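In: build the 3D model from these lines:
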Amino acid sequence: MKIATKIIHAGAEPDPSTGAIMTPIYQTSTYVQKAPGDHKGYEYARSQNPTRKALEDALAVLENAKYGLAFSSGVAATDAVIKLLNPGDEVIAASDMYGGTYRLFTKVFERFGIKFIYVDTSDVKNVEAAITANTKLIWVETPTNPLMNITDIEAVAAISKKAGALLCVDNTFASPFLQNPLDLGADIVMHSATKYLGGHSDVIQGSLMINDTELRDKLYFIQKSCGAVPGPQDCFLVLRGIRTLHIRMERHCFNGKIIAHWLRKHPKVAKVYWPGFEDSPGHEVAKRQMKDFGGMISFTLKDESIEAANKVLSSTKLFSLAESLGGVESLVNHPASMTHASIPKEERIKNGLSDGLIRLSVGIEDADDLIEDLQQAIG
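Out: Numbers count the residues shown, from 1 in each chain. Sure, this is the predicted structure:
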């Protein structure tokens with residue numbers, strides 16, 4: 001079945017009681033049992049909910065997985081993965097990554113004796129060199145947030161399997177429409193479903209997709225025991241968003257390509273980070289493992305001052321200054337003070353994330369209007 005058909009029909013079964021084509025919002029906390037243990041598959045809404053079950057089935061289909069699990073946020077999904085580990089275990093993580101993930105790793109889990117080693121995963125030799133007997137997890141973003149670095153998932157998967165470690169790929173920037181890490185050897189795929197899966201900036205949610213039954217059971221136990229589950233209304237919203245994922249992603253990519261090339265030619269722009277450029281360091285890998293190059297772009301100005309960046313950030317009219325990404329509307333973001341503010345400045349600078357970096361989430365508006373807006377903001 002082709003991806004567009006899968007997206008439309010994933011998890012979409014008519015309601016057996018009414019024939020409703022859209023999955024109902026089962027707004028209930030508990031379920032009546034005929035006798036102790038004699039029920040219809042649902043006992044308590046933290047453990048199971050029919051709306052969430054429909055979404056989790058859809059998530060699995062999107063990533064060519066056997067199982068999907070939905071969480072109350074992307075960070076909650078990440079939290080569940082790290083809870084698979086024990087004190088003394090080591091995690092190899094991308095040095096260029098979402099600030100919220102870095103904060104979770106350093107401020108929460110390091111206190112419990114889990115060690116995090118940060119490397120540039122776009123060079124797989126760095127990953128291989130960091131492996132020790134205690135390595136239990138490799139955490140990768142590709143493309144990375146916010147520098148759009150690309151990691152060869154298949155190559156890192158081979159390294160992780162040789163080391164007996166799990167590989168989890170944060171696939172938020174690509175979405176399942178552009179990239180399927182499980183097909184390339186990853187063990188777990190994580191999404192902030194808030195972003196492209198939901199697609200309308202109206203829900204906070206996260207997800208994990210898995211093929212291994214034992215691993216799924218461990219993660220489900222954590223989901224049920226720790227309780228970071230989404231409500232049925234949120235699950236309904238993500239189910240609705242998924243149905244237009246392919247249409248939206250095609251437009252995100254179309255607009256992203258036009259704007260990336262326009263920015264590169266702008267006399268006031270110093271550098272544009274987008275994996276679709278043929279001379280981008282990760283282009284060949286991205287071309288191999290992605291269907292297209294996405295609508296996320298970062299850039300710096302030739303005037304590297306924070307004042308120049310702030311002028312752009314405060315002057316756009318169609319690009320709204322806000323955190324998040326992946327909605328139908330275009331957003332502009334300042335990573336150093338917003339999404340990545342929790343990373344110490346010296347670490348950010350070392351990894352190439354300057355105070356003047358500007359990140360764009362290119363929406364699905366008309367590209368000419370978006371360019372006109374950037375032109376008047378950059379000057």
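
In: chain neighbours aside, what residue packs nearest to residue 82?
Out: residue 109 (5.3 Å; CB to CB, 6 or more residues apart in numbering). All C-beta atoms are positioned from the backbone trio N, CA, C, and that covers glycine.

In: need the contact list for the one you found.
Out: 82, 85, 116 (CB atoms under 8 Å, 6 or more residues apart in numbering).

In: and the pLDDT at it?
Out: On the pLDDT scale, residue 109 is placed at 98.

In: and it, how far from residue 54?
Out: Distance of residue 109 to residue 54, given as CB to CB, to the nearest Å: 32 Å.

In: over to residue 18?
Out: Taken as CB to CB, the span from residue 18 to residue 54 is 15 Å.

In: show me which of those two is the more surrounded one.
Out: When neighbours are counted by other CB atoms under 10 Å, residue 18 and residue 54 differ, and residue 54 comes out ahead with 23 against 8.

In: any idea which element the more buried one lies in?
Out: helix 50-62 (DSSP states H and E).

In: list of residues touching that helix?
Out: Against helix 50-62 from outside (CB under 8 Å, 6+ apart): 6-7, 10-13, 23-26, 42, 65-70, 176-177, 191, 193, 197, 207, 209, 229-230, 232, 235-236, 238-239, 242, 245.

In: how distant is it from the center of its chain?
Out: With CA atoms, centre = their mean, to the nearest Å as the basis, helix 50-62 stands 17 Å off its chain's centre.

In: export the helix or strand just after that helix as PDB, just CAs?
Out: Counting by DSSP H and E, the next helix or strand C-terminal to helix 50-62 is strand 67-71. Once non-C-alpha atoms are left out, strand 67-71 reads as follows in PDB (Å, rounded to 0.1, in the frame of the first residue of the first chain):
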ATOM      1  CA  TYR A  67       3.500  -1.200  17.800                       C
ATOM      2  CA  GLY A  68       2.800   2.400  18.600                       C
ATOM      3  CA  LEU A  69       2.600   4.100  22.000                       C
ATOM      4  CA  ALA A  70       1.300   7.600  22.600                       C
ATOM      5  CA  PHE A  71       2.500   9.900  25.400                       C
END
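
In: in its sheet, what does strand 67-71 sit against?
Out: strand 206-210 (antiparallel) (DSSP bridges).

In: packing partners of the helix or strand just after the strand it pairs with?
Out: Downstream of strand 206-210, the first helix or strand assigned by DSSP H and E is helix 213-226. Using 3 or more CB pairs under 8 Å, 6 or more residues apart in numbering; DSSP states H and E, the elements in contact with helix 213-226 are strand 67-71, helix 74-82, strand 206-210.

In: so what does the longest one touch, helix or strand wise?
Out: With contacts defined as 3+ CB pairs under 8 Å, 6+ apart, the secondary structure elements packing on helix 74-82 are strand 67-71, helix 99-103, strand 135-141, strand 188-192, strand 206-210, helix 213-226.

In: ok, which of these comes nearest residue 46?
Out: helix 213-226 (6.5 Å; CB to CB).

In: can you list contacts of the closest one?
Out: By CB under 8 Å, 6+ apart, helix 213-226 touches 46-47, 66-67, 69, 71, 79-81, 83-84, 166, 187-188, 208, 210, 229.

In: repeat the analysis, applying 10 Å as the threshold.
Out: 44, 46-48, 56, 60, 65-72, 76-77, 79-84, 166, 187-188, 208-210, 212, 228-229 (CB atoms under 10 Å, 6 or more residues apart in numbering).

In: are any of the residues you listed buried, and which?
Out: 48, 56, 60, 65, 67-72, 76-77, 79-84, 166, 187-188, 208-210, 212, 228-229 (16 or more other CB atoms under 10 Å).

In: count of residues packed around residue 376?
Out: Count around residue 376 with other CB under 10 Å applied: 12.

In: dihedrals phi and psi, the nearest residue to it once chain neighbours are set aside?
Out: The shortest distance from residue 376 to any non-neighbouring residue, by CB to CB, 6+ apart, is to residue 315 (7.0 Å). Backbone geometry at residue 315, expressed as degrees, to the nearest 10, gives phi -110, psi -10.

In: hmm, residue 358 and residue 315 touching each other?
Out: No - the criterion here is CB atoms under 10 Å, and residue 315 misses it with residue 358 at 11.5 Å.

In: check contacts around the residue most central in space within the chain.
Out: For the chain, residue 172 is the residue whose C-alpha lies nearest the centre (CA atoms, centre = their mean; 1.8 Å). Applying CB under 10 Å, 6+ apart to residue 172 gives the contacts 74, 98, 141, 143, 145, 189-197, 206-207, 296, 325-326.

In: one more time with 8 Å
Out: Here residue 172 is in contact with 74, 98, 141, 145, 190, 191, 192, 195, 196, 326 (CB under 8 Å, 6+ apart).

In: looks like the second one contacts residue 141 (just checking).
Out: Yes - with contact defined as CB atoms under 8 Å, residue 98 and residue 141 form a contacting pair (6.8 Å).
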